[in-house]
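Enquirer: give me a model of this one.
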Amino acid sequence: MNRRNFLSTAALGAASAAAQTQRDWTGKNPVRYPEPDVVVLDKRFAKYKIGNTPIQRHWVGAMWAEGPAWNGVGRYVIFSDIPNDRQMRFLEDDGGKVTVFRKPVGYTNGNTFDYEGRLISCEHGNRRVTRQEYNGTTTVLGDKVGGKRFNAPNDVIVAPDGAIWFTDPGYGSLGEYEGNKGTLEIKEAVYRIDKSGKLDKVTDDLYKPNGLCFSPDYKKLYIADTGATHYDQAPRNVRVYDVVNGTSLKGGKEFTNMKRQYDNGKAVVNGAGLADGIRCDTDGNVWIGAGWVGPGYDGVHIVSPDGTLIGQILLPEICSNLCFGGAKRNRLFMTGSQSLYSVYTEAIGAGIA
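Expert: Numbers count the residues shown, from 1 in each chain. Have a look, this model is predicted:
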């Protein structure tokens, strides 16, 4: 598999001059440093690439992996294997061992930890957002709005004031594979639940709001729109909003368009890619799980605060979601179609999970 294919004639020629061998993802054979699949497209990304670290594939065995979240105290990553209705746990201090954490889990997708260290999850199958308490019980944070059920909450984040923000595109209700098939009762939207339990809709101007993250100062909210999976007219982009008083949004506009692919900073092709999970680093760059195009595109796209694609981390499968973790929060964990990956960077993740 040629994983340096930039999907254009010129880029194909350049790629053919590079290594053409198929990548060994078993970990048995060493990777020649610097890691060839961490790609600098703009000089601004060069400082984040470590010269002597590889992309590691820790585990394969999911049917569709999503929602990684880092627990700093436990030194582990929780992630969802949605069709198998289970949450998995990667234990950093146990040689990267991956075990089943909970099952069944209501076909959870997105996960995060709140400021008290409790696990927050979006349950596709039960159409709700839940919190795992210290004693192991489950608290339902929200399952209805206006007397109607959520479609199928997807991704979730927390703000410093303790409020929980989540998206509700409804993918888990569109079939039996990732949840329970059922009618979408409300418009796809993004919601906020404050610490008192008050629920507010913050925007419904996206077709299928999916991954979301705050900027490092919590003054902006980025949201990926994957509506092109079901709406022909939907854009393939990430939108950015101003956060007003920590409670509402205004001024939504396109931040970056996932139809664009770059070679050395120049657009060379219009692809059919999508953004899924997203996270910011402390410099304000947005790290975007991307895919649905193929080699040379699938993986992570790193976009500067001004919307320019400055780097890529290429994977052999779609990158559904990602999070920063590790003792220094400079280890990027990535869930692919069936796998869990990580790579060390010089970027530091913003937020807590």
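
Enquirer: list the contacts for N237?
Expert: 224-225, 254-259, 275 (CB atoms under 8 Å, 6 or more residues apart in numbering). Heads up, the C-betas are built off the backbone N, CA and C, glycines and all.

Enquirer: er, D155 I mean
Expert: D155 neighbours (CB under 8 Å, 6+ apart): 67, 109-110, 122, 166-167, 210-212, 277, 321.

Enquirer: at 6 Å instead, please
Expert: Counting by CB atoms under 6 Å, 6 or more residues apart in numbering, D155 makes contact with 110, 167, 211-212.

Enquirer: before we move on, what about L249?
Expert: Counting by CB under 6 Å, 6+ apart, L249 has contacts 202-203, 241.

Enquirer: how close does it sit to K208?
Expert: The spacing between L249 and K208, counted by CB to CB, to the nearest Å, is 17 Å.

Enquirer: swap in G307?
Expert: In terms of CB to CB, G307 sits 21 Å off from K208.

Enquirer: for those two, indicate the residue with more neighbours.
Expert: Neighbours were tallied for G307 and for K208 using other CB atoms under 10 Å; the higher tally belongs to K208 (22 against 14).

Enquirer: what sits against that one?
Expert: 169, 188, 226-227.

Enquirer: D143 contacts V129, doesn't it?
Expert: No - using CB atoms under 6 Å, D143 is not in contact with V129; the gap is 7.5 Å.

Enquirer: neighbour count winner among those two?
Expert: V129 (24 against 15).

Enquirer: identify the bridge partners of the more buried one.
Expert: C122, G142 (DSSP bridges).

Enquirer: wait, it sits on G142?
Expert: Yes - applying CB under 6 Å, one finds V129 in contact with G142, separated by 4.9 Å.

Enquirer: low pLDDT regions in the stretch 151-300 of the chain?
Expert: Within the stretch 151-300 of the chain, the stretches with pLDDT under 70 are 260-271.

Enquirer: follow-up on the earlier one: by neighbours, which of the contacts of N237 wins?
Expert: That'd be A224 among the contacts of N237, by other CB under 10 Å, with 32 neighbours.

Enquirer: pLDDT at the residue nearest to G51 when sequence neighbours are not counted, what is it?
Expert: Closest residue in space to G51, ignoring its immediate chain neighbours: P34 at 4.6 Å, by CB to CB, 6 or more residues apart in numbering. The model reports P34 with a pLDDT of 94.

Enquirer: quickly find the element holding P34.
Expert: For P34, there is no host helix or strand (DSSP states H and E).

Enquirer: thought G277 was touching G211?
Expert: Yes - the criterion here is CB under 6 Å, and G277 meets it with G211 at 4.0 Å.

Enquirer: turn the contacts of N237 into CSV, columns for distance to T335 and secondary structure.
Expert: Putting those into CSV (distance: CB to CB, whole Å; DSSP: H, G, I helix; E, B strand; the rest coil) gives the following:
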residue, distance to T335, secondary structure
A224, 15, strand
D225, 20, strand
E254, 25, strand
F255, 22, strand
T256, 21, strand
N257, 23, strand
M258, 18, coil
K259, 23, coil
A275, 14, strand
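
Enquirer: measure K253 to R239 for me?
Expert: 7 Å.

Enquirer: those two: which is more packed in?
Expert: Legend: neighbour count by other CB under 10 Å for K253 and R239, higher for R239 (22 against 10).

Enquirer: helix or strand for the more buried one, which one?
Expert: Assigned by DSSP H and E, R239 falls within strand 237-244.

Enquirer: buried residues in that strand, which are they?
Expert: Of all the residues in strand 237-244, those buried under the rule 16 or more other CB atoms under 10 Å are 237-241, 243.

Enquirer: same thing with stretch 204-220?
Expert: Those would be 206-216, 220, for stretch 204-220 by 16+ other CB under 10 Å.

Enquirer: got it, and stretch 36-45?
Expert: 36-42, 44-45.

Enquirer: narrow those residues to those in strands?
Expert: 38-40 (DSSP state E).

Enquirer: which of those sits closest to Q233?
Expert: For Q233, the nearest member of these is V39. The distance, counting by CB to CB, is 31.5 Å.

Enquirer: report the contact partners of the nearest residue to the closest one once chain neighbours are set aside.
Expert: Distances taken as CB to CB, 6+ apart place Q312 nearest to V39, at 4.4 Å, with adjacent residues excluded. With contact set as CB under 6 Å, 6+ apart, Q312 has these partners: 39, 299, 301.

Enquirer: tell me how far Q312 lies from A347.
Expert: In terms of CB to CB, Q312 sits 14 Å off from A347.

Enquirer: what's the most distant pair in the buried residues of stretch 36-45?
Expert: P36 and R44 (19.8 Å).

Enquirer: how about the spatially most central residue of the chain, secondary structure?
Expert: Compute the mean C-alpha point of the chain, and by CA atoms, centre = their mean the closest residue is G277, 2.0 Å away. With DSSP: H, G, I helix; E, B strand; the rest coil as the basis, the three-state label of G277 is strand.

Enquirer: report the contact partners of it.
Expert: 211, 289, 321-322.

Enquirer: neighbour-wise, which of the residues you listed leads?
Expert: G289 (30 neighbours).

Enquirer: residue contacts, that residue?
Expert: 276-277, 319-322.
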